[in-house]
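**Student:** Starting from these lines, generate the structure:
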Amino acid sequence: MDTATAILIIGFAALAAAFCLLFIGLVYAEAMNSEIPPGVTNRGKLHVLHCTLVGLAVLGQIFERLGLCGQLSFTRWCTGRLIALQRLSTSGLRIKDMTFSSVPVRVYEPTAASDQKRRGMMYFHGGGWVLGSIDSHEEVCRHIARETGTTVVSVGYRLAPEHRFPAHLDDCEAATLHFLSVAKDEFGVDPGRVVLGGDSAGGNLTAALSQRLARKKAGHLPSPLALVLIYPALQMADFNLPSYQQNHAVPLLFRARTVFYFLQYLNGDMSVSQDVLAGRHVPAELKQHYKKWLDPAHLPPKFRERSDPKPKVATDHDGEVYHIIKDGLQPEFSPLLAEDDVLRLTPPTFILTCEYDVLRDDGILFQKRLKDLGVDVTWHHIPDGFHGVFNFFNKSGMYFPAGEKAMEQVVSYINML
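**Tutor:** Have a look, this model is predicted:
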């Protein structure tokens, strides 16, 4: 080996070592910013899961700065490759990829004989309106279809940042109306027994779609049989509720990251992130109006114990920031902020919340509002759950007992309908 070749090899080795050290340092720094409470079961496993996701994000950032690819594209690609490694059983199901009114969907039909028209379910995946896909929730939808004998339609709605509000909601509406119109003839489903459901951002879309359908009152099609909201994101007016304070750095969803997702869905203007976190995006008169729905005093006392009784929330507001985000305060974006006359039309609703989740109080406050208005509400709380745990219910994969409990509750509720 000549000297030039040796120098080249040493140079590449040094660069590789520097890259590895940089990567490890960035992942370590990000991971150290997280807080996993003692109440979470399998804390070590959550650490590993969080570090893996952080590692993918850091790699994506590095590649983006090198001009190789965008961080989001890299994250989606890696997620897709990991999902492709899964080997899921199709036993008991007939699975088809289709389009409903130009929206991609995947239909999971139980093959077992039924003596009546089946129940149906439209499922809207989570992922902060930015990530997630039909594939990412494949295991969830298969399990629900198989365990409840329900024909499940998983909707591949458009994502941000390529598309902004209300594109996601429009796609969910189009797919739902199409399914309701053909459910009986093409799928043997009773259109009067169709449930709407989703997790996280999908829970937001579920609640918003229910309200949109109720306002439009399309008389030729039946209303949803029920809603299934799994740790839904329901408002962007207040990011200082007790659950946001208590769980601001608990994986898999940090407080600051929640604002990022909301803004990506809305318009992509990240310059107002800190103002939104501080509460400077809502005028005083609107804060007063929303207080009757968002006041922490409406939460059961045990959910307020770990929070600052007087959080540092800005008392002033920035008119320019409000102008940028005001569409995010309308009910189709923040369903928890809908007026009573709209919420009264909500069908029976199941709401699942997790103790260690920034979105916990959204779900609790929503169920209180619905209950106060006479809506039939079933609320189940997972005391050792964290955001995203619903996807980790399968003992053969990345398993958390809290995920299994959450799935059992969802399946049980659907079976009772």
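
**Student:** the helices in this structure, which residues?
**Tutor:** Ranges of helices within the chain are 3-32, 43-65, 71-84, 138-148, 167-187, 201-216, 242-246, 255-266, 273-278, 284-294, 319-325, 340-343, 360-372, 401-416, based on DSSP state H.

**Student:** Include distance to Leu131 and mean pLDDT when you put those helices into JSON lines, please.
**Tutor:** Where C-beta positions appear, they are placed from N, C-alpha and C, glycine not excepted. Compiled in JSON lines, the helices of the chain are given as follows (distance: least, CB to CB, whole Å; pLDDT from 0 to 100):
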{"stretch": "helix 3-32", "distance to Leu131": "17", "mean pLDDT": "57"}
{"stretch": "helix 43-65", "distance to Leu131": "10", "mean pLDDT": "84"}
{"stretch": "helix 71-84", "distance to Leu131": "7", "mean pLDDT": "83"}
{"stretch": "helix 138-148", "distance to Leu131": "15", "mean pLDDT": "96"}
{"stretch": "helix 167-187", "distance to Leu131": "12", "mean pLDDT": "97"}
{"stretch": "helix 201-216", "distance to Leu131": "9", "mean pLDDT": "96"}
{"stretch": "helix 242-246", "distance to Leu131": "21", "mean pLDDT": "97"}
{"stretch": "helix 255-266", "distance to Leu131": "9", "mean pLDDT": "98"}
{"stretch": "helix 273-278", "distance to Leu131": "18", "mean pLDDT": "96"}
{"stretch": "helix 284-294", "distance to Leu131": "27", "mean pLDDT": "96"}
{"stretch": "helix 319-325", "distance to Leu131": "21", "mean pLDDT": "96"}
{"stretch": "helix 340-343", "distance to Leu131": "29", "mean pLDDT": "96"}
{"stretch": "helix 360-372", "distance to Leu131": "19", "mean pLDDT": "98"}
{"stretch": "helix 401-416", "distance to Leu131": "18", "mean pLDDT": "98"}
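
**Student:** So which of the ones you listed is nearest Pro300?
**Tutor:** Among these, the nearest to Pro300 by CB to CB is helix 360-372 (7.4 Å).

**Student:** Flag every buried residue along that closest one.
**Tutor:** Of all the residues in helix 360-372, those buried under the rule 16 or more other CB atoms under 10 Å are 360-370.

**Student:** Going by distance to Val194, which of those wins?
**Tutor:** So of those, ranked by how close each gets to Val194 (CB to CB), first place is Leu370, at 19.5 Å.

**Student:** Would you mind measuring from Ala201 to Gln71?
**Tutor:** To Gln71, Ala201 is 19 Å away according to CB to CB, to the nearest Å.

**Student:** brain fart, Ile414
**Tutor:** Ile414 sits at a distance of 36 Å from Gln71 (criterion: CB to CB).

**Student:** Compare those two (neighbour count), which wins?
**Tutor:** Each of Ile414 and Gln71 has its neighbours counted (other CB atoms under 10 Å); Ile414 has more, 22 against 17.

**Student:** any idea of the pLDDT on the residue nearest the centre of the chain?
**Tutor:** Residue closest to the mean C-alpha point of the chain, counted by CA atoms, centre = their mean, is Ser200 at 2.2 Å. As predicted, Ser200 sits at a pLDDT of 98.

**Student:** Next: Arg106.
**Tutor:** Arg106 is assigned 98 on the pLDDT scale.

**Student:** Distance to Cys141 for the buried residues of helix 360-372 - can I get that in CSV?
**Tutor:** Shown next, in CSV, are the buried residues of helix 360-372 (distance: CB to CB, whole Å):
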residue, distance to Cys141
Arg360, 24
Asp361, 28
Asp362, 24
Gly363, 21
Ile364, 26
Leu365, 28
Phe366, 24
Gln367, 24
Lys368, 30
Arg369, 29
Leu370, 25
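
**Student:** from the residues you listed, which single one is nearest Lys217?
**Tutor:** The closest of the buried residues of helix 360-372, once distances to Lys217 are taken by CB to CB, is Leu370, at 19.3 Å.

**Student:** residues in contact with the closest one?
**Tutor:** Contacts of Leu370 were listed using CB atoms under 8 Å, 6 or more residues apart in numbering, and they are 343, 346, 349, 377.

**Student:** hang on, isn't the first one packed against Arg369?
**Tutor:** When you say that, I think you mean Leu343. Yes - using CB atoms under 8 Å, Leu343 is in contact with Arg369, at 6.1 Å.

**Student:** how close does Ala175 get to Ser102?
**Tutor:** 9 Å.

**Student:** Those two - which one has more neighbours?
**Tutor:** Ranked by neighbour count (other CB under 10 Å), Ala175 and Ser102 place Ala175 first, with 26 against 9.
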